[in-house]
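**Q** next come a sequence and a model predicted from it.
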Amino acid sequence: MTHLLTKAEVDAYGEQGYTLYKKPVFSKEKMDKLRGIFEDHLAEKGDKLSDELDTPHFRDKRLLEFLLADEVLDLVEPIIGPNIMLWSSHFICKDPYVGRATPWH
């Protein structure tokens, strides 16, 4: 396994509750593929608000390639350890001027 976070980034997470990873997680090609999947979901959402694109991996197994990718797991493991479970996924997408207020989270 490759650790993508430096010790300083892991320590910052422990002290501050977050760390900023400023490098691309996926290659351009992989990101383009994920963007295409997102665009499919957006086009098929119908009357739902865009922020209701919750747990899309239940309906679209193509997303598991990204959610369970080494690029993601190698970022998470140094923080939470090797026993990682996929609990939820969400496309964060908010249309302008519509939808609900989102409290700080």
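**A** Sure, I can see it. Since this is a predicted model, take the numbers as computed values, not measurements.

**Q** break down the protein into its helices, ranges please.
**A** For the chain, the helices defined by DSSP state H cover 7-16, 28-43, 64-67, 70-80.

**Q** pull out the buried residues from the longest one.
**A** Of the residues in helix 28-43, those scored as buried under the neighbour-count criterion (16 or more other C-beta atoms under 10 Å) are 34, 37, 41. For the C-beta atoms, the positions are set from N, CA and C on the backbone; glycine is no exception.

**Q** could you dump these into TSV with distance to L5 and pLDDT added?
**A** Shown next, in TSV, are the buried residues of helix 28-43 (distance: C-beta to C-beta, whole Å; pLDDT from 0 to 100):
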residue	distance to L5	pLDDT
L34	21	97
I37	26	95
H41	29	87
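
**Q** out of these, who's nearest P82?
**A** Nearest to P82, judged by C-beta to C-beta, of the buried residues of helix 28-43 is L34 at 24.5 Å.
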